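> Fold the following.
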Amino acid sequence: MLEISLIGIGTGNPDHITRQAEEAIRNADLILLPHKEDNKAELAQVRLSLLQQLMVSDERIAHFDMPLRRQQGSDYDRQVDEWHDAIALRWQECLHQRLPSGQGRVALLVWGDPALYDSTLRIASRLGLAREQVRVVPGITSMQMLCSAHGIALNEIGAPFLVTTGRQLREGGWPAGIDTLIVMLDGQCSYEQISQPDAVIYWGAYLGMPQQVLMSGNLNAVKNAITARRAQCRAQHGWIMDIYLLRRTASAEANLQP
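Residues are numbered from 1 along each chain as shown. Model (predicted):
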């Protein structure tokens, strides 16, 4: 029987890999390792370095190139569906080549946690496997890393928070009744469009990595500086993974990093 483990690895820091994740990696017969564009080669290298530290041999790793997502047109949902279909096809090609019997334990390393703003579970569903053939190994999320790095609590006492995307923030603005937002997948710096006078931002990039960068402050005062630093980091490394927390409350200022 074919079994696929989707393993959350946080930001790839070996110190943040759970024992359950280590066991799943070591027990895998085949590990799928995606490669993106050349300017994002470091992402694959982080995964590869992690596997090497866990003594995974090259023979157990199947490298494949990630297809590019079509970004022309306004049919965003359709673009994503097409992209997921193409990724699932790449997985199937690797499995047919490396596990022709259709049996074995397969692992795929997922940034953060497979259950939070990640599409790996949806892609795996395209393989036609039974529910018990797909296993999820949880990982540390970037929002946990962000709050830990800034030394703040994710939520205020008894209050809700919302995890959303940059696109949702741009199109819908700050949701009513929610004072704390965690914003992910924001390549457009959507915080620039928010003009709440009492809002503060806690921003972080490359969380848990040696190149980690943190900035925080009153949103109106620091948003331009964050955008400039973000562009600088992206130019330096060729890629960026960042996330931020927005909170509108006067008391939040007391918790800002010096």
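
> following the longest helix seen in the chain, which helix or strand shows up next?
In the chain, taking DSSP state H as the definition, the longest helix is helix 76-98. Counting by DSSP states H and E, the element after helix 76-98 in chain order, helix or strand, is strand 104-110.

> partner strands of that next one, parallel or antiparallel?
Next to strand 104-110 in the sheet, as set by DSSP bridges, lie strand 2-8 (parallel), strand 30-35 (parallel).

> Most tightly packed of the ones you listed?
strand 2-8 (a mean of 22; mean count of other Cβ atoms under 10 Å). (Each C-beta comes from the backbone N, C-alpha and C, glycine too.)

> quick one, the next helix or strand after that strand and strand 30-35 angle?
Going down the chain from strand 2-8, the next helix or strand is helix 19-27, by DSSP H and E. Relative orientation of helix 19-27 versus strand 30-35 (axes from the mean of the first three to the mean of the last three Cα atoms, to 10 degrees): 100 degrees.

> returning to that earlier point: next one: the longest helix of the chain to chain centre, how far?
Taking Cα atoms, centre = their mean, to the nearest Å, one finds helix 76-98 lying 18 Å from the centre of the chain it belongs to.

> and if you look at stretch 3-19?
Between the centre of stretch 3-19 and the centre of its chain there are 12 Å (Cα atoms, centre = their mean).

> Same question for stretch 35-48.
14 Å.

> so how many other residues sit close to Trp15?
You called it Trp, but residue 15 is Asp. Asp15 is flanked by 6 other residues according to other Cβ atoms under 10 Å.

> again, but for the one 3 residues further on
Other residues within reach of Thr18 by the criterion other Cβ under 10 Å amount to 16.

> Ile25 is in contact with that one, correct?
No: taking Cβ atoms under 8 Å as the definition, Thr18 is not a contact partner of Ile25, at 10.5 Å.

> now the worst-scoring helix or strand of the chain on mean pLDDT against strand 104-110, angle please.
The weakest-scoring helix or strand in the chain, judged by mean pLDDT, DSSP states H and E, is helix 41-53 (a mean of 87). Angle of helix 41-53 versus strand 104-110, following the same axes, to 10 degrees, is 130 degrees.

> What residues sit buried inside helix 41-53?
Neighbour counts over helix 41-53 (16 or more other Cβ atoms under 10 Å) mark Leu43, Val46, Arg47, Leu48, Leu50, Leu51 as buried.

> got the contact list for Asp179?
Neighbouring residues of Asp179 by Cβ atoms under 8 Å, 6 or more residues apart in numbering: Glu156, Ala159, Arg247, Arg248, Thr249.

> As CSV, the residues you listed with distance to Ser216 would be great.
Output for the contacts of Asp179, formatted as CSV (distance: Cβ to Cβ, whole Å):
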residue, distance to Ser216
Glu156, 16
Ala159, 19
Arg247, 10
Arg248, 14
Thr249, 14
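
> Which single one of the residues you listed is nearest to Ala115?
Nearest to Ala115 among the contacts of Asp179 is Ala159, at 22.9 Å by Cβ to Cβ.

> Please tell me how far that closest one sits from Asn218.
20 Å (Cβ to Cβ, to the nearest Å).

> So for those two, which sits in the more crowded spot?
Asn218 (16 against 12).

> didn't that one look like it was pressed against Gln196?
No: using Cβ under 8 Å as the test, Asn218 is too far from Gln196 to be in contact (9.9 Å).

> In the stretch 151-258 of the chain, what residue spans correspond to strands?
Secondary structure of the stretch 151-258 of the chain (DSSP state E, counting those that start in this stretch): strands located at 162-165, 180-184, 199-205, 213-218, 242-248.

> would you list these in a markdown table and tack on mean pLDDT and distance to Leu121?
Shown next, in a markdown table, are these (pLDDT from 0 to 100; distance: least, Cβ to Cβ, whole Å):
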| stretch | mean pLDDT | distance to Leu121 |
| --- | --- | --- |
| strand 162-165 | 97 | 16 |
| strand 180-184 | 97 | 16 |
| strand 199-205 | 97 | 25 |
| strand 213-218 | 98 | 30 |
| strand 242-248 | 97 | 20 |
